[in-house]
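# The following block contains a protein sequence and its predicted model.
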Amino acid sequence: MINDIFDFLKLQPKGIEYYSKYPTALMFVIMLVLYIPYDFLFNVGGTNSSVNILSDIANSFIVTILEAYFLVYWLGRKEKKYSFSTVLDFNLLLSISVVIPLNLLGLLLLNFNSQSWAFLIISFIALVYAFYLVVVNLALACGVTKKYALGGGLIIFLIQLLADLTIFSNQQALA
């Protein structure tokens with residue numbers, strides 16, 4: 001699994017069916033565990049209670065499932081018929097490969113004031129890098145054009161943004 005994560009980071013994914021060999025539950029656990037430091041490192045709302053962290057983890061779980069359903073539909077539009085479990089396994093491993101460098105970057109950002117230009121620029125670069133990773137790996141693993149993968153990636157980004165804004169607003173209401 002570690003080699004496959006590095007392959008994603010190097011933009012050298014295998015075909016989407018290849019990733020079904022890993023247990024889905026294990027990948028979910030790894031992904032959700034990796035989101036715990038992510039929540040601490042990229043704490044936007046200033047509140048990191050256990051309830052907020054649990055809601056963020058639940059959000060990640062739900063969004064991952066929604067993304068997989070969306071990708072089944074999106075890829076099906078290009079006659080790429082994959083099962084939900086195949087797409088879910090691919091999406092989980094891709095999410096793991098995206099959150100690892102973001103966590104490492106978050107450690108670096110601890111040295112910067114969150115209001116500084118350096119913090120904002122590095123955060124923006126990280127966001128672009130994560131998006132680029134998703135789009136290119138999706139295109140290569142599924143055999144669709146990068147332009148089509150970009151469209152799907154933008155919709156996935158919107159799904160995540162809406163979910164994050166919903167959770168963020170709920171956390172602000174609780175604070």
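On my side now, so go ahead. Residues are numbered from 1 along each chain as shown.
# Verify the stated contact: Leu105 with Phe119.
No. Applying C-beta atoms under 8 Å as the test, Leu105 and Phe119 come out as separate, 10.8 Å apart. Any C-beta I mention is one placed from the backbone N, CA and C, and that applies to glycine too.
# what about the longest helix in this protein?
helix 146-174 (DSSP state H).
# mind checking how far it is from the chain centre?
Centroid separation between helix 146-174 and its chain, computed with C-alpha atoms, centre = their mean, to the nearest Å, is 10 Å.
# Now do that helix: which elements does it pack against?
Judged by 3 or more C-beta pairs under 8 Å, 6 or more residues apart in numbering; DSSP states H and E, helix 146-174 is in contact with helix 50-76, helix 117-142.
# closest one to Thr166 among those helices?
Checking the helices and strands packed on helix 146-174 against Thr166 by C-beta to C-beta gives helix 50-76 as the closest, at 7.9 Å.
# in the closest one, what counts as buried?
Across helix 50-76, burial judged by 16 or more other C-beta atoms under 10 Å covers 52-53, 55-57, 59-60, 63-64, 67-68, 70-72, 74-75.
# Equivalent analysis for stretch 155-163, please.
Going by neighbour count (16+ other C-beta under 10 Å), the buried part of stretch 155-163 is Ile156, Gln160, Ala163.
# Need the worst-confidence member of the residues you listed.
Note: of the buried residues of stretch 155-163, the lowest pLDDT belongs to Ala163, at 79.
# hang on, isn't that residue packed against Ile62?
Yes. Ala163 is within contact range of Ile62, at 7.2 Å (criterion: C-beta under 8 Å).
# Over stretch 79-87, what's the mean pLDDT, rounded is fine.
pLDDT averaged over stretch 79-87 gives 93.
# Excluding its own residues, what touches that stretch? List them.
Residues from elsewhere that reach stretch 79-87 (C-beta atoms under 8 Å, 6 or more residues apart in numbering): 16-17, 19-20, 24, 68-69, 71-72, 75-76, 142-144.
# Out of these, the closest to Asn111 would be?
Tyr19 (35.0 Å).
# Count the residues that sit near that closest one.
24 (other C-beta atoms under 10 Å).
# residues in contact with it?
Asp4, Thr86, Asp89, Phe90, Leu93.
# Repeat that for Gly76.
Contacts of Gly76 (C-beta under 8 Å, 6+ apart): Tyr82.
# Quick check: chain neighbours aside, which residue is closest to Asp4?
Leu93 (6.2 Å; C-beta to C-beta, 6 or more residues apart in numbering).
# do Asp164 as well
Closest residue in space to Asp164, ignoring its immediate chain neighbours: Asn59 at 7.2 Å, by C-beta to C-beta, 6+ apart.
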